[in-house]
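> this one's structure only:
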């Protein structure tokens, strides 16, 4: 894990290194909830979300979404629409 610490210091490269299809990942999570619990989730708690990709995508789909991270650098470049809520705004 130590090799990733330098990456977190250079947060602007996070998108380049970890680029993936978050929409498909949310599709998988929603399908797993439906298949194994028989429910359609109404919310998502994204722990260690860093820039908040999953929380943002879930919110875009209408789920109540909360992202939590310890990485202050990540919030500085989080999805712009997510930042106000991350800072405690009611907007």
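Thanks, I have the structure now. All figures in this text were calculated on a predicted structure; none of them were measured in a lab. Numbering: from 1, shown residues only.
> Just to be sure, residue 45 is in a strand?
Yes: per DSSP: H, G, I helix; E, B strand; the rest coil, residue 45 lies within a strand segment.
> Pretty sure residue 63 is one of the things it touches, is it not?
No: if you go by CB atoms under 8 Å, residue 45 and residue 63 don't touch, sitting 10.3 Å apart. C-beta coordinates here come from the backbone N, C-alpha and C atoms, glycine included.
> ok, the two, which is more surrounded?
residue 63 (17 against 13; other CB atoms under 10 Å).
> ok, the more buried one to residue 38 distance?
Separation of residue 63 from residue 38 (CB to CB, to the nearest Å): 17 Å.
> Next one, pLDDT for residue 66 please.
pLDDT, residue 66: 88.
> host element of it?
strand 64-68 (DSSP states H and E).
> Pairing partners for that strand, with directions?
strand 43-47 (parallel) (DSSP bridges).
> Quick check: buried residues in the strand it pairs with?
Using 16 or more other CB atoms under 10 Å as the test for burial, strand 43-47 gives 44, 46.
> following it, which helix or strand shows up next?
Proceeding N to C from strand 43-47, the next assigned helix or strand is helix 53-60, under DSSP H and E.
> Can you pull out the residues in contact with that following helix?
The set of residues external to helix 53-60 that reach it, using CB atoms under 8 Å, 6 or more residues apart in numbering, is 22-23, 25-26, 29, 43-44, 46, 49, 65-67, 79, 81-82.
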